[in-house]
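Undergrad: need a structure here:
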Amino acid sequence: MITLAIECATDTVGLALLDGEEILTDLYLGSGRQRVEVLLPALEKLLLLTGTTIEQIDLLACTIGPGSFTGTRIGVTTVKGLALASGKPIVGISTLEALVMNALPSSRLICPMLDARRDQVYAGLYRMGPDGFPVIVLPDRLTDIAQLIKDLPEDNVDLIGGGALRYRKHLLESRIGRCDPDRSRRHRLHASAVGLIGIHRYSQGRSENPLTFSPKYFRLFEAETGGAI
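TA: Purely as a prediction, here's the structure:
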C-alpha cells in the first residue's frame, strides 16, 4: 500500500511517501514563502522523482491541527481535493500525536507542545501503547504555559516540539521533565510520522469522509477571522 502524507500545520511543509511501513522519502521544507507556493510544486517534484502517480497512491494522510490556521487549512484542502478527484481514502492525524512519534519508543510520558503565542501552547499528554503507537493520556488542548506546568506530573515527562523549545528554560526550572536542546530532531515534525499513524489507523478501519474532512481548530475566533495561529 502506497501512502502519501502531508504536514503543513507547523512552520514548515512536510511530504512523505511510504510503501507499507517503509519510508520511501521524507521531505522537510522551510516554508519561507506562502505554503501554497511551496506545497504543490514540492508534491509534483516528489511524485516525479519517485516515479509515482496519484493513481498509484492508496491512502492519503494529513495533519488536521492544532497549529497554524493557514498551514493546516492548505494541507487539509489539498488532501481533500486529491481524495475527491481520485477516490482515495483519507486519515486525519493530530499534529501533536504525530510529534509524539519522535520520542518513541519510551517508557515515559510524552508532552508534545506547539507555541500558540500569548504565553500559551497547544499541548497534549501521551504514552506509548502496546502496539508502539501513541495513546492519549490527556487530550490535546490550548492552555497557558503556567497551567500546563501545574497539570503535568513531576519529573516523568519528555517535553518535545516548538512550544517546549520556546518555554524550555521555564519548563526545566519547574522540574517537570526533560527537554532536549533545539538542535535535536525530536522537536521537528516529520511527515513520515503522519503517514505511519495514518497507515495504522486505516488498518483499524478508520478513515474520514472526504466531503466533511476539515481542520480541527482550538481558537474558534481565529478560525473565523483567518488568524495565523
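Undergrad: Looks to me like D115 is in a helix.
TA: No - secondary structure of D115 (DSSP: H, G, I helix; E, B strand; the rest coil): strand, not part of a helix.
Undergrad: close enough to count as contact, it and I145?
TA: No - with contacts counted by C-beta atoms under 8 Å, D115 stays clear of I145, the gap being 9.4 Å. Heads up, the C-betas are built off the backbone N, CA and C, glycines and all.
Undergrad: tell me, what's touching these two both at once?
TA: Listed as contacting both D115 and I145 by C-beta atoms under 8 Å, 6 or more residues apart in numbering are V121, G163, Y167.
Undergrad: and the last one, how many neighbours?
TA: Y167: 22 surrounding residues under other C-beta atoms under 10 Å.
Undergrad: Tell me who's in contact with it.
TA: M113, D115, V121, I145 are the contacts of Y167 under C-beta under 8 Å, 6+ apart.
Undergrad: The residue lying closest to the first one once chain neighbours are set aside: what secondary structure?
TA: Nearest-residue entry for M113: G163, 3.0 Å, with adjacent residues in sequence omitted and distances by C-beta to C-beta, 6 or more residues apart in numbering. Here G163 is helix, with the state taken from three-state DSSP.
Undergrad: and G163, what pLDDT?
TA: Turning to G163, the model gives it a pLDDT of 94.
Undergrad: quick one: it from R141, how far?
TA: For G163, the distance to R141 equals 12 Å [C-beta to C-beta, to the nearest Å].
Undergrad: what about the two, which has more around it?
TA: G163 (25 against 16).
Undergrad: can you pull the contacts of the nearest residue to V121 once chain neighbours are set aside?
TA: The shortest distance from V121 to any non-neighbouring residue, by C-beta to C-beta, 6+ apart, is to G163 (3.9 Å). By C-beta under 8 Å, 6+ apart, the residues touching G163 are M113, L114, D115, A116, V121, Y122, A123, I145.
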